[in-house]
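> next come a sequence and a model predicted from it.
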Protein chains: 2
Amino acid sequence: MNGAQSLVKTLIAGGVETCFANPGTSEMHFVAALDQIPGIRCVLGLQENVVTGMADGYYRISGKPAATLLHCGPGLANGLGNLHNARRARSGMVNIVGDQATWHRPFDAPLTADTEALARTSSDWVRTSAAASEVGRDGAMAMQIARRHGGGIATLILPSDASWDGGGQVAQPFPDLAPPPVDANAVDGAARILRDHAGSTLILLGSRATLATAQEAAYRVAAATGAEILAEYVCARMSRGQGRVPIERVPYTLAAARARLARFSHIILVGARPPVGFFGYPGQASIHHDPAAVFHILTRPEQDEVAALTALAEALGAPTVAPPAAAPRPDIATGAPTPEGLARTVAAVMPENAIISDESISYGRGFYAETHGAPPHDWLHLTGGAIGDGLPVGTGAAVAGGGRRVIGLQADGSAMYSLQSLWTQARERLPVTTIILSNRKYQILIGEYGGVGAVAGPTAMNMLDLSNPSIDWLHIANGMGVEAARTETLEGCADLMRQSFAQPGPFLIELMI
Amino acid sequence: MNGAQSLVKTLIAGGVETCFANPGTSEMHFVAALDQIPGIRCVLGLQENVVTGMADGYYRISGKPAATLLHCGPGLANGLGNLHNARRARSGMVNIVGDQATWHRPFDAPLTADTEALARTSSDWVRTSAAASEVGRDGAMAMQIARRHGGGIATLILPSDASWDGGGQVAQPFPDLAPPPVDANAVDGAARILRDHAGSTLILLGSRATLATAQEAAYRVAAATGAEILAEYVCARMSRGQGRVPIERVPYTLAAARARLARFSHIILVGARPPVGFFGYPGQASIHHDPAAVFHILTRPEQDEVAALTALAEALGAPTVAPPAAAPRPDIATGAPTPEGLARTVAAVMPENAIISDESISYGRGFYAETHGAPPHDWLHLTGGAIGDGLPVGTGAAVAGGGRRVIGLQADGSAMYSLQSLWTQARERLPVTTIILSNRKYQILIGEYGGVGAVAGPTAMNMLDLSNPSIDWLHIANGMGVEAARTETLEGCADLMRQSFAQPGPFLIELMI
């Protein structure tokens, strides 16, 4: 058994079911091993940022790490943007990165790069296998990192001789790393705050605390005390819709966030971090909360948020409680698109148990208010701000979803970063309906440009404009095998959505906004 | 004057004429400064690997560094693949990378990344400006690196407060770094080798020694002594065609390279490195030359190769000599495409002074033999093996070329990595004719897969196959504003090429191979 074969068997023994791949020459023995040993579904992406983004989306929906297969240094580099997002999402994955044979590396062949340095910028764990006999064990360690509560990006670099040499040894899964125990003092402290200051206390959810079970435990606390619940703006996955607790996110802009958070003198963090702006601005604060607010860490992302919230509810003697009455399901909106109208329309037509992959950027900041009454669904956000994650995350989510419909709410500028995802959607016949929000400009940057107080001159506006030439998303989608249609109205968008939901494969709607 | 304005003025004072850009929020003050201060042409790319690849192509043709404008950590990460290629091409460029304001960075906002670590993986020089007052001087230092003989990738990280704070100071250009002087001993040593062993001596050209003037000096030496001339396989830019010395490259595969190089017991390196394989293979050698061959370094890439070759010619008393009689210009080939037929067809129809951007991968290894008789032209290759450089390098070359026709010879699989380049070609109305070599598979990997001795099972072949669904390049090109047509014959390709040469803007030909 060679090293590559031992790694495939180790991955299968550890429960890896899917490998998102863009292989190159140095990965050919691993490709051969995937071929020889059944048990892993291989999903090809035509650029590496598609591959890493798919693995992120897959984890967010399945909770299970996928493997990725990437080609030595520059191939890994191409995928770093979505590794950044995946790390901010606290997703887990095992990246297998081929590399030069150990004895070929000193010759500094053209593709040779500092693969470890690249990997370290966006990984929680990096190792280069020293020999075929080590590959299985290294793979098991990588999976242990990727499986841990709170996620982990594990990158295993595989010199090609460690792949092809004999002496490979399959490793059985290492025991799961137990999350750090819930801190009883933190629970007691939070309970005390809630008894004394519930009216000015915020429970801020982040990481996996935005999933349904944790939400319900948080709501039990809030209902008993009068504290309020919000989620971080950057949210990997939010359980939403009928029967769920209607939770809003901290607003994006400083002014809105400050206004929203002003009344909270105590903020209990559940897998969340103190809210700060994406960027600093001249003369403006970095923090979004009242500077005098006091933070209480109930759990860090690697701790068990459900256990901690349940312990908190019990310390408070809070009764179990049903979620609040569901908001009514909205009707579709009509006429020219507005953010609110689009949100209502999506809520009106989405099927049960849909997955929203939201890279709507500035257009979609208010989508939540209009969609609490939709059927139960999951909402995935851009977590790290590295644009180009919406299409691949939605694609990976569809691979994990087992038939669940994915609806992409996708700004056009960011869609261009990883448009190759459409091809994988067509190839795998995935149930993805992508709505391109086509405004033909970098709208967020035009807003930001105004914010710096500069005059909008032609050179600058030219750099923020995508209309010369206009991007024709129907042609692009068709070019990659995805059926597509254009509409300028919300009723047209509703019709196209319904039509796409009735078909098994992907569909793209270019919505002129 | 703020820091951003001081940088724009410093860049203009240093001769930077072009900025390839994909800005984000943290770069808005720099965008405003580009708007306020005329003198730099801004060219937008819709993904960062397009931006860095364009800067590479621009340098290869103009010999002048462009600036790039990239968005903080993940934006830079997206462009690292083509920075790797640019570094291997020994191109020069100044990357301006925005970043978090210094006082915002400690809050670890979602987009925060280790920008310096990312930059170091593919830069020759990295600096983070500490304050607005330093930005001009830092920019001048970056340009000094980028301008030096033998190229330099200089990356200047600009925290947004260093951009927007006042106190910016324009820096005048720093003096050019003189190349290390030609080594008289190296010249004498090479002359001695050539006197004693000319029949078994190879002059191997790399870096800028593949340009016309250096070629002519090398030919003067070879004609007087009987030594042979070859160029490295990895070649940033080769001056070719009628009136130039017909130089072949070292072959790609070990077997072919070994056969070609077997008779050389002495190899004189002129800006080149000892020839090695792209990858190691089980039981095969890394080196492509006779293991007993002796290397003589005439120049390193940072030295003046024309001065050294001229000194060598004079030490040998070699008379100046005209280049060999030109090969006849071939006629177009007809019928189904073959590599040789396509090369002849391109040679038959290309206009004077064309630029070939060649990312033909395995298909194009024999293109040179058929194209020596073409009109004078420049040929650009993939230098670092990080696929996805052909389209952006060709685009940047067209920006530098002042109307010279660029012909892209582009494999379909690698074209998908940076297809957004087509949009920039359309926007800037660049004279680029891209020929997509459409075989709908990763042909090189199918070859490599066979090389590992593995059976071609369905999982592996599925990962190397691009035909499910087929990529329709006409739709993709049209979607980005580029006119396109498909052909299955070489005469059809010739007609489409001629037609495209008569139009000012870009055109794409999908050639079914």
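In hand now; what should we look at? Here the structure is a predicted model, which means the values were calculated and not measured.

> can you report how many residues lie near A:Pro458?
The local packing count at A:Pro458 equals 9, with neighbours defined by other CB atoms under 10 Å in any protein chain shown. C-beta here means a position set from N, CA and C on the backbone, and glycine is covered the same way.

> okay, the closest residue to it other than its chain neighbours and A:Gly280: tell me how far apart.
With CB to CB, 6 or more residues apart in numbering or on different chains as the criterion, A:Pro458 has its nearest non-adjacent residue at 7.4 Å, and that residue is B:Asp35. With distances defined as CB to CB, to the nearest Å, the gap from B:Asp35 to A:Gly280 amounts to 22 Å.

> same thing with A:Tyr252?
Separation of A:Tyr252 from A:Gly280 (CB to CB): 14 Å.

> which one's more surrounded, those two?
Neighbours per residue, other CB under 10 Å: of A:Tyr252 and A:Gly280, the larger number sits with A:Gly280, 24 against 16.

> any idea how far A:Ala255 is from the closest residue to the more buried one other than its chain neighbours?
Across the structure, with CB to CB, 6+ apart as the measure, the residue nearest A:Gly280 apart from its sequence neighbours is B:His104 (3.1 Å). The gap separating B:His104 from A:Ala255 is 17 Å, by CB to CB.

> can you check A:Ile37 too?
Spatial separation of A:Ile37 from A:Ala255 under the definition CB to CB is 56 Å.

> from what I can see A:Leu118 touches A:Ala77, true?
Yes - A:Leu118 sits in contact with A:Ala77 when judged by CB atoms under 8 Å, with a separation of 5.4 Å.

> related to what we said a few turns ago, higher neighbour count, A:Ile37 and A:Ala255?
With neighbours defined as other CB under 10 Å, A:Ile37 and A:Ala255 compare such that A:Ile37 has more, 18 against 10.

> contact partners for that one?
A:5, A:8-9, A:12 (CB atoms under 8 Å, 6 or more residues apart in numbering or on different chains).

> dihedrals phi and psi, the closest residue in space to A:Glu302 that isn't next to it in sequence?
Of all residues not flanking A:Glu302 in the chain, A:Gly150 sits nearest, at 3.5 Å (CB to CB, 6+ apart). A:Gly150 has phi and psi values of phi 90, psi 0 when expressed as degrees, to the nearest 10.

> phi, psi for the nearest residue to A:Gly15 once chain neighbours are set aside please.
If the residues on either side of it in the chain are set aside, A:Gly15 comes closest to A:Lys64, at 6.6 Å by CB to CB, 6+ apart. Note on A:Lys64: backbone dihedrals following degrees, to the nearest 10 are phi -120, psi 140.

> mind saving the C-alpha coords of stretch A:152-170 as CSV?
As requested, C-alpha coordinates have been extracted for stretch A:152-170 and formatted as CSV (Å, rounded to 0.1, in the frame of the first residue of the first chain):
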residue,chain,number,x,y,z
GLY,A,152,-10.6,23.6,12.2
ILE,A,153,-8.8,24.1,8.9
ALA,A,154,-6.2,21.3,8.7
THR,A,155,-3.8,21.4,5.8
LEU,A,156,-1.8,18.3,5.1
ILE,A,157,1.0,18.7,2.6
LEU,A,158,1.8,15.6,0.7
PRO,A,159,5.2,15.4,-1.1
SER,A,160,4.6,13.2,-4.1
ASP,A,161,7.1,10.6,-3.0
ALA,A,162,5.2,10.3,0.3
SER,A,163,2.2,9.5,-1.9
TRP,A,164,3.8,6.9,-4.2
ASP,A,165,6.2,5.2,-1.9
GLY,A,166,5.2,1.9,-0.3
GLY,A,167,4.8,1.4,3.4
GLY,A,168,1.6,3.3,3.9
GLN,A,169,-0.2,2.6,7.1
VAL,A,170,-3.9,3.2,7.6
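
> which parts of it are buried?
Using 16 or more other CB atoms under 10 Å in any protein chain shown as the burial criterion, the residues of stretch A:152-170 that qualify are A:152-165, A:168, A:170.

> intersect the residues you listed with the contacts of chain B.
Filtering these for neighbours of chain B using CB under 8 Å from any CB of the partner chain leaves A:160-161, A:164.

> pretty sure A:Val306 is touching A:Ala218, no?
No - taking contact to mean CB under 8 Å, the distance of 9.5 Å between A:Val306 and A:Ala218 leaves them out of contact.

> more neighbours: which of these two?
For the pair A:Val306 and A:Ala218, the greater number of neighbours falls to A:Ala218 (29 against 20), based on other CB under 10 Å.

> what helix or strand does A:Ile436 sit in?
Here A:Ile436, judged by DSSP states H and E, is contained in strand A:432-438.

> what are the contacting residues of that strand?
In this structure, residues lying in contact with strand A:432-438 by CB under 8 Å, 6+ apart are A:342, A:346, A:360, A:363-364, A:391, A:394-395, A:398, A:405-412, A:415, A:422, A:425, A:471, A:473, A:477, A:482, A:493, A:497, A:500-501, A:506-513.

> likewise stretch A:241-248?
Counting contacts by CB under 8 Å, 6+ apart, the residues outside stretch A:241-248 that touch it are A:205, A:210, A:212, A:215-216, A:218-219, A:229-231, A:238, A:240, A:323-324, A:326-327, A:329, A:368-369, A:371-377.

> quick one, strands of the stretch 51-200 of chain A?
Using DSSP state E, counting those that start in this stretch, the strands of the stretch 51-200 of chain A run over A:66-70, A:92-99, A:125-128, A:152-159.

> brain fart, the stretch 301-450 of chain A
Assigned by DSSP E, counting those that start in this stretch, the stretch 301-450 of chain A shows strands spanning A:354-359, A:377-381, A:406-411, A:432-438.

> tabulate those strands (a markdown table), appending mean pLDDT.
Putting the strands of the stretch 301-450 of chain A into a markdown table (pLDDT from 0 to 100) gives the following:
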| stretch | mean pLDDT |
| --- | --- |
| strand A:354-359 | 98 |
| strand A:377-381 | 98 |
| strand A:406-411 | 98 |
| strand A:432-438 | 97 |
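
> of those strands, give the one that comes closest to B:Ser122.
Distances from B:Ser122 to each of the strands of the stretch 301-450 of chain A were compared using CB to CB; the minimum, 26.8 Å, belongs to strand A:354-359.

> I'd say A:Leu156 and A:Asn95 touch.
Yes - with contact defined as CB under 8 Å, A:Leu156 counts as touching A:Asn95 (6.8 Å).

> A:Cys493 and chain B, how far apart?
Between A:Cys493 and chain B the distance is 20 Å, computed by CB to the nearest CB, to the nearest Å.

> ok, now which ones touch that residue?
Under the criterion of CB under 8 Å, 6+ apart, the contact partners of A:Cys493 comprise A:337, A:342, A:345, A:435, A:487, A:509, A:511.

> let's go with 6 Å and repeat that
Applying CB atoms under 6 Å, 6 or more residues apart in numbering or on different chains, we find A:Cys493 in contact with A:345, A:487, A:511.

> tell me which element it falls in.
Per DSSP H and E: A:Cys493 is located in helix A:490-501.

> no further questions, thank you.
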